[in-house]
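Q: no letters, just coordinates:
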Ligand code: GLN
Ligand code: ZN
């Protein structure tokens with residue numbers, strides 16, 4: 001059996017590409033220096049993969065920003081507004097990625113969207129009626145040749161035509177069908193070029209096949225590839241899928257003239273079953289994704305070997321593959337110097353996954369593999385009792401019953417009690433939580449972390465910031481205040497650090513989009529709360545004002561979705577553990593006199609399964625319950641808020657209402673408020689605060705603008721249920737623009753109240 005990967009991280013072990021790109025954006029280095037850095041990183045990756053013994057080494061998985069964007073440029077799907085700037089090819093590319101504002105013009109970037117169920121984001125290709133789709137770039141060929149010059153015949157990787165056309169945005173009257181001829185021609189040309197260059201394989205990524213496919217979709221896919229594969233010219237084509245199984249089109253793809261098919265055995269729940277039921281064509285190679293490309297844990301060799309042996313017994317020609325590109329995990333454990341070996345021995349980042357692939361190959365090739373040291377060491381690792389077990393937490397989770405997920409009295413009764421309790425004006429004004437994190441705030445936090453300042457000094461500083469923030473909000477005239485979240489670097493990391501069961505890495509960066517990377521914390525053991533996490537800050541803030549101050553927490557689903565989760569227990573169990581910990585905090589806040597508590601679920605939608613039929617059973621059923629568990633124990637007069645960073649929840653609107661929060665704030669300023677129609681149609685009962693202005697831009701919204709947004713909202717939402725707030729936290733904004741924007745928000749609200757006699 002040979003080994004393969006689908007793609008490798010590219011941002012650099014120490015984020016070299018990020019830093020070089022950002023320097024280039026700031027005009028601090030020339031293009032040639034950025035190109036040199038990129039080439040060096042590609043060569044390093046290639047050498048590492050070659051030395052690991054990997055058989056199928058990819059090329060063109062490198063990107064300066066994003067692979068979809070690269071494919072758009074490859075196919076000439078570049079809107080005129082970027083071409084018309086007259087920039088160099090690289091700058092035109094970056095203009096599409098990040099927008100351009102300079103002497104040659106002022107254009108916004110392409111839209112960006114979440115890449116399937118990952119935290120990676122891709123640039124959405126934009127197709128209008130003038131788009132001439134044709135082969136127009138050389139990058140895949142250059143990178144293939146570059147690797148060949150380094151002695152490696154790679155498998156070039158390109159997004160396939162089906163996924164490309166599916167994910168593109170059509171802004172004219174044309175649809176994907178109109179591009180059938182041009183796109184098949186382009187891919188046939190690509191194939192021709194690789195044949196000339198001497199390639200053996202081409203990998204076409206088609207992750208869209210793991211989503212629900214209609215009959216029309218399947219037919220469209222079929223005709224695209226029938227045409228393309230008629231023109232293979234001897235090049236072997238691997239259809240690569242990932243992030244799930246291909247249950248809707250398995251038979252069709254087996255019947256097409258592919259030479260290899262890549263299937264995901266990790267997230268593809270039905271992959272095995274599909275093969276069992278339908279067999280696998282003997283003229284094709286199965287690239288079996290058995291090593292998890294998305295998580296950082298070591299592979300369980302016993303299970304993997306059993307699976308591979310089973311495929312072998314069916315005489316399936318199998319290559320050992322990762323489940324998806326390794327883009328979604330960090331580079332190497334070698335840079336994790338502080339983390340103890342107790343943990344590290346369970347970890348496997350991209351470069352360790354290469355070793356695993358090679359070890360699995362060796363095991364499969366060895367008749368008496370049970371005595372191989374690689375195998376026995378792995379068996380031992382998985383049989384060891386892992387530290388971090390907390391029987392108390394486990395018992396609590398096991399003992400949960402329906403009443404723990406049910407808040408009483410019911411919403412309508414609570415709503416009355418709370419109106420009486422708070423006596424807020426109609427259209428209450430508030431913010432989402434954080435206030436600008438100026439450099440003094442960040443510096444003080446960093447010094448405290450490095451133990452350069454004492455706890456007392458740190459507390460004194462934070463309290464002074466909180467006091468300033470409360471005074472500011474009172475002056476502005478907001479109705480429900482916040483403490484400002486100055487103590488938090490990040491809404492998940494902060495809680496992770498306060499919870500037992502979490503561990504943190506040093507250099508485990510993962511690309512989120514372009515030059516932005518995230519460093520997700522790791523759920524290691526059973527999660528519990530060692531001590532109150534936010535109570536002292538919230539109560540201090542409340543002590544300074546008569547107005548209610550919201551306690552501010554991150555919800556269990558978001559904490560889990562932005563971490564590397566455990567694989568030895570279910571996501572549901574982890575979510576309930578985290579929920580129990582946050583619940584304790586909620587009850588402590590309440591007992592300390594905090595009357596409004598906001599539990600942010602910024603990432604609730606993020607891990608929604610890719611197939612609609614899996615939504616409830618596999619996700620929402622426990623995700624919504626985890627949220628309910630957090631707040632079901634509070635008194636009727638305690639008001640629970642939640643916040644979401646997007647407004648795309650029309651399709652899960654009932655589940656959102658079922659979270660049973662009293663108020664929900666969400667992003668709405670950039671969308672066209674269509675969600676409000678849905679709220680109305682579905683008789684949404686939770687009170688709502690659709691953001692009245694966009695905090696992602698430094699622009700100060702005018703009073704008139706905000707009034708018009710509020711008026712639109714009032715035409716769809718009862719004045720009894722509407723809150724007025726910005727659309728997200730203010731932490732990335734500057735002080736001046738924030739103060740002015742909030743003043744306008746309050747002024748607009750007051751004018752509306754007067755005009756409508758509210
Ligand atoms: N309360 C958080 C803040 O205001 C919410 C952040 C978010 O929604 N991403 O920063
Ligand atoms: Zn938000």
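A: Alright, I've got the coordinates. Values in this document were obtained by computation on a predicted structure and should not be read as measured data. Ligands and ions are numbered 1, 2, ... in the order given.
Q: which residue packs closest to the residue most central in space within the chain, ignoring adjacent ones?
A: Centroid-nearest residue in the chain: residue 119, 1.8 Å away (criterion: CA atoms, centre = their mean). Closest residue to residue 119 apart from its sequence neighbours, by CB to CB, 6 or more residues apart in numbering: residue 512 at 5.7 Å. For the C-beta atoms, the positions are set from N, CA and C on the backbone; glycine is no exception.
Q: element containing the one you found?
A: Using DSSP states H and E, residue 512 falls within strand 510-513.
Q: is ligand 1 contacted by that strand?
A: No. Strand 510-513 lies out of reach of ligand 1 by CB under 6 Å from any ligand atom, never closer than 13.2 Å.
Q: hmm, who's touching that strand?
A: With contact meaning CB atoms under 8 Å, 6 or more residues apart in numbering, strand 510-513 is reached by 9-11, 66, 112, 119-122, 327-330, 517-520.
Q: rerun that using 10 Å as the cut-off
A: Contact partners of strand 510-513, identified using CB atoms under 10 Å, 6 or more residues apart in numbering, comprise 9-12, 15, 17-18, 63, 65-66, 97, 112-115, 118-123, 294, 296, 327-331, 349-350, 517-520, 564.
Q: restrict those residues to the buried ones and give me that as a ChimeraX selection.
A: Command for ChimeraX that selects the buried part of the contacts of strand 510-513, burial taken from 16 or more other CB atoms under 10 Å:
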select :9,10,11,12,15,17,18,63,65,66,97,112,115,118,119,120,121,122,123,294,296,327,328,329,330,331,349,350,517,518,520,564
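Q: in helices, which of the contacts of strand 510-513 appear?
A: Here DSSP state H is the test, and those give 17, 18, 97, 350 as lying in helices.
Q: helix, strand, or coil at whatever residue of the stretch 501-650 of the chain ends up closest to ligand 1?
A: Nearest residue of the stretch 501-650 of the chain to ligand 1, counting by CB to the nearest ligand atom: residue 602, 3.9 Å away. On the three-state scheme (DSSP: H, G, I helix; E, B strand; the rest coil), residue 602 is labelled coil.
Q: phi, psi of it?
A: Main-chain torsions, residue 602, degrees, to the nearest 10: phi -60, psi -30.
Q: wait, what's in contact with the residue nearest to the centre of the chain?
A: Residue 119 makes contact with 294, 328, 510-513, 518, 520, 561-562, 603, 606-607, according to CB under 10 Å, 6+ apart.
Q: what's the lowest-pLDDT member of the residues you listed?
A: Among the contacts of residue 119, residue 606 carries the weakest pLDDT, at 87.
Q: surely that one is in a helix?
A: No. Using three-state DSSP, the assignment for residue 606 is coil, not a helix.
Q: quick one: residues contacting it.
A: 114, 117, 118, 119, 557, 558, 560, 561, 562, 645, 646 are the contacts of residue 606 under CB under 10 Å, 6+ apart.
Q: please, a PyMOL command that selects the buried ones among those?
A: Written as a PyMOL command, the selection of buried residues from these, which uses 16+ other CB under 10 Å, is:
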select buried, resi 117+118+119+557+558+560+561+562+645+646
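Q: among the contacts of residue 606, which ones are in strands?
A: Among the contacts of residue 606, the members falling in strands (DSSP state E) are residue 114.
Q: got phi/psi on residue 118?
A: Per degrees, to the nearest 10, the backbone of residue 118 is at phi -110, psi 180.
Q: so what's the residue lying closest to it once chain neighbours are set aside up against?
A: Leaving aside its sequence neighbours, residue 118 sits nearest to residue 328 (CB to CB, 6+ apart; 5.4 Å). Residue 328 is in contact with 7, 9, 115, 118-120, 242-243, 292-296, 350, 510-511, counting by CB under 10 Å, 6+ apart.
Q: ok, of these, which one's closest to ligand 1?
A: residue 119 (13.1 Å).
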